[in-house]
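# give me the fold of what follows.
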Amino acid sequence: MTDRHRHLVRAALLGGSLIASAAHAQDWPSEPVHVFVGFPAGSSPDTIARLVAEPLAEALGQPVVVENRPGAGGVIGVQQMLARAQDDYSFGITINGPLTTAARLIPDLGYDPQADIAPVGLIATSPLVLAVAADFPADSAEAFIEAARAEPEAISYGSVGEGSGAHLTAELFAGAAGVELFHIPFQSYAEVTTSILGGEIDSGFMAPSAALPQVQAGTMKMLGITSAEAFAQVPDVPVLAGQAGLPEDFRAELWNAFIAPAGTDPAIVARLNEELGRILQDPTVNERLLAMGWQVQPGTPEDLAQRIADDTALWGGVIDVLPAAN
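Okay, here's the model as predicted:
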């Protein structure tokens, strides 16, 4: 066979594959679609999944069943999606941790976020706020940093657990600011809030929605926010980037995303991304997400893949210098 003949054969095979893929996507779905969530019913990721599932089911013409598989910070949900993956009907909605930090924090994770996941699209992002009690001496991030520099480890902060987004964000902040803070892990933002108000700890990085009720009650204040720009839910809280020596590009965000198992028909991934984009344009969806502390952030599968790669590198650098990693 000549080179020209080989080229023609390869082109024919590729063309046939693309035609078959397009035909499959047109017929899909012909049965219920399953979306795995690694958190319990009523949690933020679960609420987001159900907010997306209803209009997605209408668009697809088939039920979209949200299946909760809580545990290990969302990892079990991803594991279950991959274990059940078959015939392009198993997907997931997950926070960033299982795709960016889990491989560094959990031995024998059981999957490779880079090789085993097909990104569909980002759903929404959420920054964290640096929160302290209303009577804390510092009234700004700059004053907070100056106090921390003056007395290393004298200022404590709470998080929702070792390796959590709140923990890693605080360590990213401390490293960028050149300060040493004392970490105390808790089980929930509610416990962190109670401990701040009770004077047991000094501060915490938490979701704006978790701190906002206390701020409105006058018992807590927010010194800064980790997003690159002001956040609509708390527009008066200044960004931390650029303050007191922090880099201008300082940013730390949590996010939720729609994912598929690697090997999912690309035409189906494209269709899901298109439908997801339409759903996220709905003003009602935007309002409900913002009330929960999430900013809609649609994009392409390639955008999500880049976000996964960037955040894996960012948080990997933080994890590498944690005491537990040494």
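# per-domain residue ranges of this structure.
For the chain, automatic domain parsing gives the domain ranges 32-125+253-323, 129-251.
# nearest residue to residue 246 in space, ignoring adjacent ones along the chain?
For residue 246, ignoring the flanking residues on the chain, the nearest one in space by Cβ to Cβ, 6 or more residues apart in numbering is residue 176 at 5.2 Å. Where you see a C-beta, it was placed from the backbone N, CA and C, and this is true even at glycine.
# list the contacts of the one you found.
245, 246, 247, 250 (Cβ atoms under 8 Å, 6 or more residues apart in numbering).
# residue ranges with poor pLDDT in this protein?
Residue ranges of the chain with pLDDT under 70: 1-25, 324-326.
# any idea which residue is closest to the centre of it?
residue 255 (2.3 Å; Cα atoms, centre = their mean).
# mind checking the SS state of that one?
strand (DSSP: H, G, I helix; E, B strand; the rest coil).
# which stretches in the stretch 201-326 of the chain count as helices?
Applying DSSP state H, counting those that start in this stretch to the stretch 201-326 of the chain gives helices spanning 208-217, 266-280, 283-291, 301-320.
# nearest to residue 47, of the ones you listed?
Among the helices of the stretch 201-326 of the chain, the nearest to residue 47 by Cβ to Cβ is helix 283-291 (8.5 Å).
# go through the closest one and flag the buried ones.
Across helix 283-291, burial judged by 16 or more other Cβ atoms under 10 Å covers 285, 286, 289, 290.
# now tabulate those in JSON lines and tack on distance to residue 122.
Shown next, in JSON lines, are the buried residues of helix 283-291 (distance: Cβ to Cβ, whole Å):
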{"residue": "285", "distance to residue 122": "14"}
{"residue": "286", "distance to residue 122": "14"}
{"residue": "289", "distance to residue 122": "12"}
{"residue": "290", "distance to residue 122": "16"}
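# quick check: closest non-adjacent residue to residue 220.
In space, and not counting its chain neighbours, residue 220 is closest to residue 214: 3.7 Å by Cβ to Cβ, 6+ apart.
# tally of neighbours for the nearest residue to residue 276 once chain neighbours are set aside?
Nearest residue to residue 276, sequence neighbours excluded (Cβ to Cβ, 6+ apart): residue 121, at 4.8 Å. Neighbour count of residue 121, defined by other Cβ atoms under 10 Å: 23.
# element containing residue 122, please.
strand 117-127 (DSSP states H and E).
# quick one: residue 92 and residue 84 touch, right?
No. Using Cβ atoms under 8 Å, residue 92 is not in contact with residue 84; the gap is 10.0 Å.
# more neighbours: the two, which one.
The neighbour comparison of residue 92 against residue 84 (other Cβ under 10 Å) goes to residue 92, with 30 against 14.
# just checking, that one is part of a strand?
Yes. Assessed by three-state DSSP, residue 92 belongs to a strand.
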